[in-house]
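> kindly generate the corresponding structure for this input.
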Amino acid sequence: MALEARNPGWPALVERGFADAGFVHENGIHLVDCAPGWVVSAVDLTPHHRQHHGLPHGGLIATLADHTAGGAAISVTAEGEVVLTAEFKLSLLRSTRAPRLVCRADVVKAGSRLVFAESSVEADEDGRRTLIARASVTLAVLRAGSD
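Sure, this is the predicted structure:
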């Protein structure tokens with residue numbers, strides 16, 4: 001389902017959302033591609049990202065899914081609006097030792113006060129992708145400065 005952007009400046013907002021979010025940036029999560037209603041991001045895994053068994057930390061996977069959903073949501077909001085996560089559910093489906101994670105988030109429903117998005121996180125090993133997590137994210141739409 002193709003969604004329409006309500007703000008002509010949406011691409012810069014999505015890009016800035018990845019570049020200016022310190023926690024996201026410091027963890028190496030970066031924007032790969034986007035269009036109104038969807039965003040793809042990725043992270044190249046380092047030892048810093050792994051828990052004590054050598055697997056990607058659940059907190060990293062959650063951040064990747066949540067932030068990517070936020071980017072998808074902001075791509076369909078009006079000028080002067082921001083989004084904040086109101087509810088988040090993550091299902092960790094399997095573990096991986098892949099060197100890279102890729103996430104795609106899609107807006108399912110864009111309302112005037114809430115946006116609902118779903119994120120899929122995949123392990124990427126030499127171009128072979130395996131689904132490792134899914135998230136459902138509800139984001140509140142607020143006027144900028146009212147958060």
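> pull out the buried residues from stretch 22-37.
By 16 or more other C-beta atoms under 10 Å, the buried positions in stretch 22-37 come out as 24, 27, 29, 31, 34, 36-37. From N, CA and C alone the C-beta is placed, and that goes for glycine too.
> from these, which ones fall inside strands?
Residues from these lying in strands, with DSSP state E as the criterion: 31, 34.
> just give me the closest of the buried residues of stretch 22-37 to residue 3.
residue 37 (3.2 Å; C-beta to C-beta).
> isn't that closest one up against residue 72?
Yes - using C-beta atoms under 8 Å, residue 37 is in contact with residue 72, at 6.3 Å.
> now the common contact residues for the two.
Counting by C-beta atoms under 8 Å, 6 or more residues apart in numbering, the contacts common to residue 37 and residue 72 are 106-107.
> pLDDT of the longest helix anywhere in the chain, averaged?
In the chain, taking DSSP state H as the definition, the longest helix is helix 58-74. The average pLDDT for helix 58-74 rounds to 98.
> and what of stretch 82-99?
pLDDT averaged over stretch 82-99 gives 97.
> now do it: distance to the chain's middle.
Counting by C-alpha atoms, centre = their mean, to the nearest Å, stretch 82-99 is centred 8 Å from the centre of its parent chain.
> who's in contact with it?
44-45, 54-56, 58, 61-62, 65-66, 69-70, 73-74, 77, 114-115, 123-125, 130-144, 147.
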